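Asks: Below are the sequence and a predicted model; questions follow.
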Amino acid sequence: MDFAYFGVMIPIIAISIPIVAIWAKHQQKMAEIQADKTAENTAERAAQYASQVQSLSDRVAVLERIVTDRGYDIATQIEALRDTRETENQDSGIPLNINTKERA
């Protein structure tokens, strides 16, 4: 090997070592940030699931109360719910595409 080759390679290696160290430190920081984001997402999902579980628990409690209440007429209440749904789904009777020429 030629001494000129070593004369060129030594400065290149000397400059490369800090660059590699900086790159490795950057990669470590990026991995920590990614881990923090993952932890935040996990905590957020856990909170959402807890909220949904609480909502479902409340609904089940209401249904249990309805089913276990002896004085409650379930059939009448179901029919009343059906009646309100039919009312909500019915059209108000006012057409949306009113032509002004037909009125004149």
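Replies: Sure thing, it's come through. Residues are numbered from 1 along each chain as shown.

Asks: quick one: least confident helix or strand in the chain?
Replies: Least confident helix or strand of the chain, by mean pLDDT, DSSP states H and E, is helix 100-103 with a mean of 54.

Asks: residue ranges of the helices in this structure, please?
Replies: Using DSSP state H, the helices of the chain run over 3-68, 74-89, 100-103.

Asks: Burial check on A21, number of neighbours?
Replies: 10 (other C-beta atoms under 10 Å). From N, CA and C alone the C-beta is placed, and that goes for glycine too.

Asks: Distance of it relative to I15?
Replies: Shown here: A21 relative to I15, a distance of 11 Å by C-beta to C-beta, to the nearest Å.

Asks: any idea how far D73 is from the residue nearest to the spatial centre of the chain?
Replies: Compute the mean C-alpha point of the chain, and by C-alpha atoms, centre = their mean the closest residue is R45, 7.4 Å away. According to C-beta to C-beta, R45 and D73 sit 41 Å apart.

Asks: same question, A61
Replies: Here A61 is placed at a distance of 20 Å from D73 (C-beta to C-beta).

Asks: Likewise for S55?
Replies: Using C-beta to C-beta, S55 is found at 27 Å from D73.

Asks: again with A24
Replies: Separation of A24 from D73 (C-beta to C-beta): 73 Å.

Asks: coming back round to it: which of the helices of the chain has the lowest average pLDDT?
Replies: When those are compared on average pLDDT, helix 100-103 comes out lowest at a mean of 54.

Asks: quick one: contacts of stretch 64-76?
Replies: Contact with stretch 64-76 is made by Q77, as judged by C-beta atoms under 8 Å, 6 or more residues apart in numbering.

Asks: Many thanks, I have nothing further to ask.
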